Structures are given as C-alpha cells and as structure tokens.
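Participant: I need the structure of the sequence given here:
(4 chains)
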Number of protein chains: 2
Amino acid sequence: MTTLNRRSLRHSIADGLRERVVAGEFGPGDRLPGEPELARSLGVSRSSLRAAIALLEEDGLLRRLHGSGTYVTDRPLMRNDLSRNFGVSSMIAAMGLEPGTVDETCAAEPASPEVASALGIEVGEPTSMLRRVRTAGGRRVVDETDWCRSDLLSPPAMAAAAQGSVYAALAERGAVVHHGVATITPDVAMGDVALRLGVPRGTLLLTLWQVDSTAGGAVAMVSREHHLADAFEISVYRRGPGDGGEDQT
Amino acid sequence: MTTLNRRSLRHSIADGLRERVVAGEFGPGDRLPGEPELARSLGVSRSSLRAAIALLEEDGLLRRLHGSGTYVTDRPLMRNDLSRNFGVSSMIAAMGLEPGTVDETCAAEPASPEVASALGIEVGEPTSMLRRVRTAGGRRVVDETDWCRSDLLSPPAMAAAAQGSVYAALAERGAVVHHGVATITPDVAMGDVALRLGVPRGTLLLTLWQVDSTAGGAVAMVSREHHLADAFEISVYRRGPGDGGEDQT
DNA sequence: GAGTGGTCTAGACCACCGT
DNA sequence: CGGTGGTCTAGACCACTCC
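Facilitator: Coordinates of the predicted model:
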C-alpha cells in the first residue's frame, strides 16, 4: 500500500482502493476480490475493510451486490449532486469552468424576520451580510447573499474572508460547518437581482435558501442564492421507496 | 423490549428506541444512557446498538457528540426532504394532506429521444406511459408522467398498477427500485400542463425529471413531475464542505 | 455447494469532553 | 480523572447468487 495514515484506518484503506481504481487496476464494471481475501491481502480486519467499502459506496465509486460481489461503478458521478457539492464555487468547478466573483459588497445589516428566525436571533439584531455575483467562465450565473451573526464574524472579517473561503473563516472561529439544509424554489428575476445578473426581468431562476449548521446543531450561516435556470443541472439522489435501510459495520 | 423481530437486529433495536422516544421516555434534548449500559440493558452487543443508533442518527432523530453523549434531536424532521421522500404521495402525506389522483390516462407511446436515452432503448420503441394529476386535499398540485419499457410493464398493467403503487408493480416483475436521481429545474406552466393543473399560463413550476434504477443499476422507470411552486417546500440535506467523511460501525 | 456480501458478538484500545 | 463516543480486531453464522 502507498497509503499515508492521515485519518482513520478505514479512510486510509478507502484512499488506497480509490487510487487502485483510478490507476486502472480495477476498471468500470470489474469485480473486486472477495472481502476476506482483500482484507487478508491488505492486512486489515474484514470489518475495517467493509467500513472503507461503505465509504466508497457512498461516494458512488463501488457497488455491492449481495451474493455476487463488489463492483466498480460504471458512471461514477452525477452531473452536479446537490447533496455532495457544497458552495457555488465547487459547483462551478465541477462543470469545468473558472469560478469568479464580481460586484462584491459586505456590510452590517439588521436581521430581517426571515434571517433572524434562521439564525436564532431577534429581528433587527446586527448581522454581517456578504453579497456577490458569482461567474462561471466569465458569465454571471449566481447572485448570492450570506448572513451570519456579527459577533461570530464581523463585517470586515467577513469581507476579508470572502477572498478565501467564508467556511474556513467560520471554522477558525470555532464554527465548523457540518451540514446545510437547502430549500429550493422556482423564481423569476426582478429588480436588483435581474440587474446584478444582467438578465431581463422575468428570467427564470432557481433560488436556494440554505441554513448551515455545526455538528452541534448551532446555525452558523444562512444564504440565499439566485441561480440562472440554465446555469447548472442540479440533481439529487433519492433513496428508494422500499425503506432506506443502509449498511454499517 | 416490545420489539417484533422483523428485519435485522439493528432495525429492531432502532424501532424499540424510536418507540421509547416518541413515548416520551426520552424527550427532545435528553441524553440517552451510555452505549455500554444501553447495550447491556437491551441484551445486545455494543456494535449492534451502535448500528441502530447510526440508523436513527441518519433519520435525524438522534445526534451523537463525541466525548459527551447521544442526544434526542430538538426538531427531528425537515419539512420535506427530497432525499428521503420518494414519490408524490409520500410528499403529500408528509404534509398531512389527503393525496388523490384525477385526469388519469395510460397508453402506449413511442419513446421520445429524452425518454429513450434515459431508459436505454431506441427512439420510437414502445413504452408504457402513465399520466395523472395529483391532488393534495383536493387541490391540484402536481402533473406527473411516468414512462417505462412496455416489455417490463404493459400499458394495461401500468394502468392497473396506478390504483396501487407503480413501484410495487415493478417490484413484482423483478424491478425493485433502489434509488432515483432527480434533476430539478424551474419552469412555467404552458399549454396542457396549465390546463391540467388549472392555473394560468405562466404560473411558476418546479419540474423534477427523475430516473429510477434498481440496485443493479438498471433503469426501471423515468418520470417528469410538474410541481406547483407553492405546493411543497422542497429541501435537501447537504453534507458539509470539510470532507464528507461519515461514520459507520 | 462454494463463494459472495450481511449481520452479530466480545473484547480491546483510542480520542474527546467534562469535572 | 472517569465516562463518552470512535475505531479496530477475530471469529462466527446467516442470506443470497451463481454454477
């Protein structure tokens, strides 16, 4: 194995297997060696190997068929999986385009009822607001606005963070974003949104309202993103109707 | 325990714990007993208990904090999680409304390029098409069309299946739907869609194009659903930017 | 029936949180 | 420090698939 032991064993194993797949040792559709044999050859327990395979299966790289075997997936990735791709930059990058930012402003702003409710503060309390237009290959595709409590990230700090990653800045202040819940609505461009995106009023948009939380459940940031309808192909993986029972161990 | 051993041990344990939570033995925010003690009192191994807890955590009922404990979540459920709620009926039911169906038609239809590509057949090959308007509490909310290969489900069989569950009918024929990939686009109602939904042309819609597959990866059915924009609040859980590393065992 | 993945156990040690 | 959850092991048996 060429692994470097960064995190847990299962992650090392998973990284090793992923390398072997991308290196071509196992091609799409190929069946991997059986779990007992693989575990032996890697010098790990079968449980750990299974945990690693579970990781890769969740990534869509492998597929387990009960009495049959474990196979390399044919088409590993969806176009743009909303469940996995966080943030606009990664969505743009996933399409192979160059992400950019224009018309960026950052200011203190009293919380609107909607923002206050999401952040768990009182209406009118101070927030830091960051608004910017995201471009993909030079084309304006998203008008994004982020809010967070100003005692967590002051407006100047947020403006500085915008150069890099706002999530990284939050993490530095102890608010590691663990997950977000996005609510999706169709919309049409009006007023300043149409102006900022450079499209006629009435242009179709997909609007994401997202609440980002820490592992502890505390809300770290809320965002509103107006996407040009044809900018991305947004997909979501849906678990089957049978149950949803997943596998662990 | 009052459990009935339906599926695996972990599911029985999870069901038992869920009952105790909804029964009020553990309220929102409460900390559960430690894993070793809980496992002992339930007469199961710690691994099995952890697998059960992982199930409940994925359902959003529990939350594990590393050196601290396992807690009952405050607000267990999202309004309408697209990743978990399959099918329109369950979405309507999740809102506490009565699902209904009107204007149902079923017919043989040659595959359009889009449908053919999704189903993996040639353009013009026969498909079974089922189109119906879904109602929630009597209100027309979704115009849904399903297609599948007619050698899998003949038009009459599909019409019959529509009374119950199309997924059940597919499962009886060996095509157990394991998951689907939904692509989401904003849209406006035009022509027959507006007519069927009983709304003016130009009304905002959210359109889901969904491809349902078996565990083996074979496509079983494709669907197009035109949702009234204000019918549902559609949400998606997004894993954090840090990594995506999840937990098993 | 041989081989595959799926489940479960018992026990050990580690990493983290609180006091 | 003690208790919590997180990881790992070794071995056993079961359910399923394919020959």
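Participant: okay, CA-based contacts and neighbour counts for the rest of this
Facilitator: Fine.
Participant: give me the nearest residue to A:R239, chain neighbours excluded.
Facilitator: B:H179 (4.6 Å; C-alpha to C-alpha, 6 or more residues apart in numbering or on different chains).
Participant: for A:M129, same thing?
Facilitator: Counting by C-alpha to C-alpha, 6+ apart, A:M129 lies nearest to A:W147, which is 4.7 Å off, once chain neighbours are set aside.
Participant: now the one you found: how far from B:P36?
Facilitator: Distance of A:W147 to B:P36, given as C-alpha to C-alpha, to the nearest Å: 42 Å.
Participant: and for A:V141?
Facilitator: 52 Å.
Participant: neighbour-wise, which of those two wins?
Facilitator: Legend: neighbour count by other C-alpha atoms under 10 Å in any protein chain shown for A:V141 and B:P36, higher for A:V141 (27 against 14).
Participant: next up, the contacts around that one.
Facilitator: A:133-135, A:197, A:227-228, A:231 (C-alpha atoms under 8 Å, 6 or more residues apart in numbering or on different chains).
Participant: between these, which sits nearest A:E172?
Facilitator: Nearest to A:E172 among the contacts of A:V141 is A:R134, at 24.0 Å by C-alpha to C-alpha.
Participant: looking at it, the closest one is touching A:G100, isn't it?
Facilitator: Yes: the pair A:R134 / A:G100 is scored as a contact, 5.7 Å apart, by C-alpha atoms under 8 Å.
Participant: quick check: the residue of chain A nearest DNA strand D.
Facilitator: Residue nearest to DNA strand D within chain A: A:L9 (2.7 Å; C-alpha to the nearest atom of the strand).
Participant: what's the separation between that residue and A:L49?
Facilitator: Going from A:L9 to A:L49 by C-alpha to C-alpha gives 9 Å.
Participant: what do you get for A:I121?
Facilitator: Shown here: A:I121 relative to A:L49, a distance of 45 Å by C-alpha to C-alpha.
Participant: the two: which is more packed in?
Facilitator: Neighbours were counted for A:I121 and for A:L49 using other C-alpha under 10 Å; A:L49 has more, 26 against 15.
Participant: that one falls within a helix, correct?
Facilitator: Yes: counting by DSSP: H, G, I helix; E, B strand; the rest coil, A:L49 is located in a helix.
Participant: so what's it scoring on pLDDT?
Facilitator: A:L49 carries a pLDDT score of 96 in this model.
Participant: contacting residues for it?
Facilitator: By C-alpha under 8 Å, 6+ apart, the contact set of A:L49 is A:10, A:13, A:35, A:38-39.
Participant: from those residues, which is closest to chain B?
Facilitator: A:R10 (9.7 Å; C-alpha to the nearest C-alpha).
Participant: give me the number of residues near that closest one?
Facilitator: Neighbour count for A:R10, taken as other C-alpha under 10 Å: 21.
Participant: tell me which residue is most central in chain A.
Facilitator: A:F86 (2.0 Å; C-alpha atoms, centre = their mean).
Participant: so that one versus B:V236, what's the distance?
Facilitator: A:F86 is 12 Å from B:V236, by C-alpha to C-alpha.
Participant: kindly report the same for A:S150.
Facilitator: For A:S150 relative to B:V236 (C-alpha to C-alpha), the value is 27 Å.
Participant: same question for A:R64.
Facilitator: Look at A:R64 and B:V236: by C-alpha to C-alpha, they are 25 Å apart.
Participant: between these two, who's got more neighbours?
Facilitator: B:V236 (24 against 18).
Participant: which residues of chain A lie near DNA strand D?
Facilitator: A:8-10, A:43-49, A:66-68 (C-alpha under 7 Å from any atom of the strand).
Participant: and DNA strand C, which of the residues you listed reach it?
Facilitator: A:47, A:66-68.
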